[in-house]
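**Q** quick one: sequence plus predicted model below, questions after.
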Amino acid sequence: MPTTNPHRRRQRRRDALVFVAFAGPNLLLIAAFIYFPLLSNVYYSTLNWRMGATTATSAGLDNYVRLFTSPQGVEMWRVTITFTVVTVVASMVLGLLVALALNHRIPGVTAGRTAIFSPYVLSGVGVGMVWNFIFDPQLGLLGHVLRAFGARSPEWYLDSDLALVMVMIVYIWKNLGFCAVVFLAGLQSIPSDLIEAARIDRAGAVRRFFKLTLPLLSPTVFFLTVTTILSSMQAFDILKIMTPSGNGTNTIVFELFLQGFGPYQNAGYAAAISVVLFVVLFAITAFQLRFVEKRVHYA
Amino acid sequence: MSTTIRSTRARRVTTTMAVLGVATLGLTACGPAVGASSPGASAAATDWAAIEPAESISFWTNHPGGSQAIEQELVDGFTEETGIEVEIVTAGANYEEVSQRFQTAQTSGDVGDLVVMSDATWFTNHVNGSLLAVDDVFAAAGGDTATYNATLFDDYLYEDAHYAVPYARSTTIYYYNEDHYAQAGLTEAPTTWDEVRANSQALIDAGVTETAFSFPPAEDYPAWMMNNLVWSYGGGWSDEWDASAVTSEGTVQAVQFAQDAVQDGWANVSSGSPADDFAAGATSQFIGSTGSLGGVTETAAFEVGVAFLPGGPVEQELVVPTGGAGIAISSASTPEEQLAAAMLADHLTSAENTVAFSSETGYMPVRSDADASALYAENPNFEVAVNQLETRTRTQDYMRVFLPGGDLALATALQRILTTDADVEEALAALQTELEGLYENDLRPQLEG
């Protein structure tokens, strides 16, 4: 039998009590408001349950099977992947270009930075409503401009492919400023003597960008990749305002809303969608932290 | 030592199992009862004679048709008459939001006693066991259901019980621009869909308009607006729960007619709202809700004509779908609150008050003994709408109004068919499969549970 020093045992017990006293309330709150709903949601995902109903039937894994095999489920994944890839790539590429343009001491650059960043802090609902006035084929600004040139406005709202393009344009416009400002901060943290040294070594602008600036921006690129993927996969407000019933714009979060709280009222299936969304986002983040971060050059 | 390790492991396993057990119990305790029947279905009948109405109740509404002021006025009158206080709660911006809030509130129990429910939202709330059958409680409240317009009242009938009473009710009606008609030498509104085509072509040939007729987009209830066309061809969206009606010869021909209309250029699909396009003079004719009558007449800078909905090659008379909303009583309320809610529902929809409500909103009077002559004097087109209600209406097809997601599936399919050159038969066959899938997966287990 091992013997334990009574003093050490008392000390450990006291430490444990202090830990419980300080961390306990927080852990309790986290358990009640984060982990309990999370586990409840996993349980609901195994039910055939309508929101508001006091009864349900067991569905096993049917909701998950349906999510990956039904035509609507497959379409949701197609739309989600398309939306995420296009908006993430476009926001980052355009954001970087804007940041490069704003990273010069030219008159009005501060106003330019403010103008570029301001859409990001606007409400998505307001942004969606304003852009509705632009895209409306009959009454919208874009339609008027096109008609002035003898062209007809595309049917943004009736054609499901165009509807997806429309919401992607608005989403990129809104989030471009965030990428630009973060890239700008990254650009300004690059030591100027490195750039200067490359210039003295007669490296051209393109070579300097790809061989020096971009590698040194890799922490920023990594940070933005993680955050924009997470935010694109959770896009909702603009999509809901511009295409209320999801005409070809059913990304995973929008579909979750339509199924759980919208016309389908299928809370069990919506719960399954949210569980899968959690797993996907967790996996993407873990993958990026595990593998992509290794390739990042921190200055 | 190994004994200690084993006992420590055993303690950990026991603790883990206990935590998991408690968590599982907690999860199942907070969720819905699995496999049990709906409480609404099994609740014992209330002895209404022994119940006194509650002193205060709540009324959840979205103020349909901009009715906030008239609702407050009617409720004030009710409080003055009965002494029962009523809290009016704006429970959403539209019928769907009210229903969503009502559904999510079921878990907290803080639900409205009297709630606005549309033709497309009441049924799922009934299936959830959230609505009280109104027949008995209305009788106990001294209310009279016999004078409700029979078609409107029976919209809430399922398995021998009514689950709401009509309130802000509408039908669809045919709108046309009288000025455009005069310029094109047209004197009569169409009575058949062939005449719709002929009149539309005449309007275009006369150079009066570029768009003679507008179908609604998916966001503007096309399955409701086009129900008339489909019924007039002998088709439908379903025969009770049988979705094969959607691929019937009549439905295929009717939807083909609509697709041809768009492709031939005498009709379009509005990208926003046909009512707005019409009021702005951008389209000459559309089928819309009678609830839009006041707004369209007020906005339009031309004479607005309305007519009965056109018939078709198979059906000429019963081709008008009803719509709008009723008011339902929550099954979660106490019997006292339910009785008071029934009294309020009867008051809001009395012969006198339904006319006052119609005058302010444009919805139809819901009582057959309502004197609507003042309304007709105010807006003669209203008389056409009321006459149509009395002679041409029929209740809607189950798959559109009762099946969760059914209306959206129909709307999405119709928009796709009308805006592309999709094969109508194939598209409707896919729609039938989708409707059947929704029914089998999402509704039938509950109906049979």
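**A** Alright, I've got the coordinates.
**Q** same question for the helix ranked longest in chain A, mean pLDDT?
**A** Longest helix in chain A by number of residues (criterion: DSSP state H): helix A:71-102. Mean per-residue pLDDT for helix A:71-102: 94.
**Q** I'd say B:Ala340 and B:Ser58 touch.
**A** No. Counting by CB atoms under 8 Å, B:Ala340 stays clear of B:Ser58, with 10.2 Å between them. All C-beta spots, glycine's among them, are computed from the backbone N, C-alpha and C.
**Q** mutual contacts of those two, please.
**A** B:Asp113 (CB atoms under 8 Å, 6 or more residues apart in numbering or on different chains).
**Q** which one's more surrounded, the two?
**A** Using other CB atoms under 10 Å in any protein chain shown, the more surrounded residue of B:Ala340 and B:Ser58 is B:Ala340, with 29 against 21.
**Q** host element of the more buried one?
**A** helix B:335-348 (DSSP states H and E).
**Q** what about the closest residue to chain A within the stretch 251-400 of chain B, how many residues nearby?
**A** For the stretch 251-400 of chain B and chain A, the shortest gap (CB to the nearest CB) falls at B:Ser271, measuring 4.7 Å. Applying other CB under 10 Å, we find 24 residues neighbouring B:Ser271.
**Q** what sits against it?
**A** A:136-138, A:155-158, B:217.
**Q** and with 7 Å instead?
**A** Going by CB atoms under 7 Å, 6 or more residues apart in numbering or on different chains, B:Ser271 touches A:136-138, A:155, A:157-158, B:217.
**Q** which of the residues you listed are buried, as a PyMOL select command?
**A** In PyMOL, this line selects whichever of the contacts of B:Ser271 come out buried by 16 or more other CB atoms under 10 Å in any protein chain shown:
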select buried, (chain A and resi 136+137+138+157+158) or (chain B and resi 217)
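**Q** next, the angle helix A:71-102 makes with the helix or strand that B:Glu426 is a member of.
**A** Secondary-structure assignment from DSSP H and E places B:Glu426 in helix B:424-438. Interaxial angle of helix B:424-438 relative to helix A:71-102 (axes from the mean of the first three to the mean of the last three CA atoms, to 10 degrees): 100 degrees.
**Q** list phi and psi for the residue of chain B found nearest chain A.
**A** Nearest to chain A in chain B, going by CB to the nearest CB, is B:Gln103, at a distance of 2.9 Å. Taking degrees, to the nearest 10, you get phi -70, psi -50 for the backbone angles of B:Gln103.
**Q** do the same with the one 5 residues further on
**A** In this entry, B:Ser108 is assigned phi and psi values of phi -90, psi -20 (degrees, to the nearest 10).
**Q** separation between it and B:Val255?
**A** 43 Å (CB to CB, to the nearest Å).
**Q** neighbour count for these two, which is higher?
**A** Using other CB under 10 Å, the more surrounded residue of B:Ser108 and B:Val255 is B:Val255, with 25 against 8.
**Q** confidence score at that one?
**A** We have a pLDDT of 97 for B:Val255.
**Q** and it, what element?
**A** Assessed by DSSP H and E, B:Val255 sits inside helix B:249-264.
**Q** by contact count, what packs against that helix?
**A** helix B:227-232, strand B:267-269, helix B:406-419, helix B:424-438 (3 or more CB pairs under 7 Å, 6 or more residues apart in numbering or on different chains; DSSP states H and E).
**Q** quick check: buried residues in that helix?
**A** B:250-259, B:261-262.
**Q** now distance to B:Ser170 too, for those, in JSON lines please.
**A** Converted to JSON lines, these look like this (distance: CB to CB, whole Å):
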{"residue": "B:Gly250", "distance to B:Ser170": "25"}
{"residue": "B:Thr251", "distance to B:Ser170": "24"}
{"residue": "B:Val252", "distance to B:Ser170": "28"}
{"residue": "B:Gln253", "distance to B:Ser170": "27"}
{"residue": "B:Ala254", "distance to B:Ser170": "22"}
{"residue": "B:Val255", "distance to B:Ser170": "24"}
{"residue": "B:Gln256", "distance to B:Ser170": "28"}
{"residue": "B:Phe257", "distance to B:Ser170": "25"}
{"residue": "B:Ala258", "distance to B:Ser170": "22"}
{"residue": "B:Gln259", "distance to B:Ser170": "27"}
{"residue": "B:Ala261", "distance to B:Ser170": "24"}
{"residue": "B:Val262", "distance to B:Ser170": "26"}
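**Q** burial measure for A:Ala185, as a count.
**A** Using other CB under 10 Å, A:Ala185 is surrounded by 11 other residues.
**Q** how is it assigned, secondary-structure-wise?
**A** Following DSSP: H, G, I helix; E, B strand; the rest coil, A:Ala185 is assigned to helix.
**Q** measure it to A:Gly95 for me?
**A** 12 Å.
**Q** and what of B:Thr104?
**A** Counting by CB to CB - B:Thr104 and A:Gly95 are separated by 38 Å.
**Q** these two: which is more packed in?
**A** Per other CB under 10 Å, whichever of B:Thr104 and A:Gly95 has more neighbours is A:Gly95, with 25 against 15.
**Q** excluding its backbone neighbours, what's nearest that one?
**A** Spatial nearest neighbour of A:Gly95, chain neighbours left out: A:Cys179 (2.6 Å); criterion: CB to CB, 6 or more residues apart in numbering or on different chains.
**Q** kindly report the same for B:Ser358.
**A** Leaving out its chain neighbours, B:Ser358 is closest to B:Pro365 (CB to CB, 6+ apart), at 5.0 Å.
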